[in-house]
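**Q** Compute the structure for the input listed below.
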Amino acid sequence: MVCPHCTSMYTKKDGKGKSKDKIFQKFKCNSCLKYFSIVIDTEVKEYNNPTIKPGEIFSYASEGVIRVHCLTDIHVGAHEFDFKKFSEAVSIISKDPNAVWFGNGDLIELIPPHYKISQRGQAILPDDQYLAFLRLVAPIKDKCLFIRGGNHDFLRSFNILDFDVCKTLAAELNVPYYQYPGYSRIKVKEKEWFLVSGHGKSCAKNGDLELDKLAAVYSEGDVFVLGHNHQLYAKPVDSIMVDGDEEALKRRWYVRGGSFLRYAEYARYSMYPVIRTGWITMEFSEGKVKCWEN
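**A** Okay, here's the model as predicted:
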């Protein structure tokens, strides 16, 4: 849980309290030593968010420019989680009336007990990571397009417990759950663009190799987005198409979505390259697509 006084994530539960009609979960911050509490919702919730199944296409339409922010590899709960950079992303999306976003996997660190790696890589336990993520994205939850899982959250929870933590995160945000790679139709007035996204699997030094595989499978894409390897770049890839009786350039975009994880201990041990934290914005208009790093 994130402390509302100092934004520290070093907080712990400190019992429960109740008023006439509400029950509170109390917390103590180990950084600023202040206390705070949150109302426990005792009503049974009903969820109606769909799962986007393989072969289905997610669609989003607007009459104006659409700026889609890919928030991937956030790693809430990790010691190296870049809270300042993620807060910047939330602020930009919140203030921009044309901005939307999607969560592209590894949203929380999630190191389960007795897992093959040490739990010392996380600052707070997985249940608090879950709650902290929801609290952090609360200002922009109404702008979320969908949620996807990654190897840290989806795979770990599913392989160990047969329980998909990212599916429940999507339900809490009341947005579709998009488990596998696939198309998203982005429509600006009458113009349709196709965004192809997935979490990714490969940590190869050349991030384009996996994007090439994605583009080979989803040949109608205009923008191809993967996360996972924490590389941060957006670059145009041009080819020649037929336009009537002449040739014309067709522009597509290759995107690796970056991360909000600073230089972690495992990266230091393996001497991985240092990559700055950040995210990618994709702007769709009637005439073109632009992508840039933040």
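**Q** drop to CA atoms for contacts and neighbour counts, all remaining ones
**A** Noted.
**Q** So which residues of the protein form strands?
**A** Along the chain, counting by DSSP state E, strands occupy 11-18, 23-29, 35-40, 58-62, 66-71, 99-104, 144-148, 182-188, 191-198, 223-226, 232-243, 246-257, 280-284, 289-293.
**Q** which regions of the stretch 151-294 of the chain sit below the pLDDT cut-off?
**A** Across the stretch 151-294 of the chain, nothing is flagged by pLDDT under 70.
**Q** Need the pLDDT of the nearest residue to residue 133 once chain neighbours are set aside.
**A** Spatially, and ignoring its direct neighbours in sequence, residue 133 is nearest to residue 76 (6.4 Å; CA to CA, 6 or more residues apart in numbering). Residue 76 carries a pLDDT score of 96 in this model.
**Q** Might one say that residue 76 is in contact with residue 127?
**A** No. If you go by CA atoms under 8 Å, residue 76 and residue 127 don't touch, sitting 11.1 Å apart.
**Q** So which of those two has more stuff around it?
**A** residue 76 (30 against 12; other CA atoms under 10 Å).
**Q** Who are the contact partners of that one?
**A** By CA atoms under 8 Å, 6 or more residues apart in numbering, residue 76 lies in contact with 107-109, 129, 132-133.
**Q** coming back round to it: what's the closest of the strands of the chain to residue 87?
**A** Nearest of these to residue 87, taken as CA to CA: strand 66-71 at 11.6 Å.
**Q** where does the residue nearest the centre of the chain sit relative to residue 69, distance-wise?
**A** Nearest residue to the geometric centre of the chain (CA atoms, centre = their mean): residue 103, 2.5 Å. Going from residue 103 to residue 69 by CA to CA, to the nearest Å gives 9 Å.
**Q** And residue 29, by the same measure?
**A** 31 Å.
**Q** and if you look at residue 32?
**A** 33 Å.
**Q** Would you confirm that residue 147 contacts residue 180?
**A** No. Counting by CA under 8 Å, residue 147 does not reach residue 180; the two are 10.5 Å apart.
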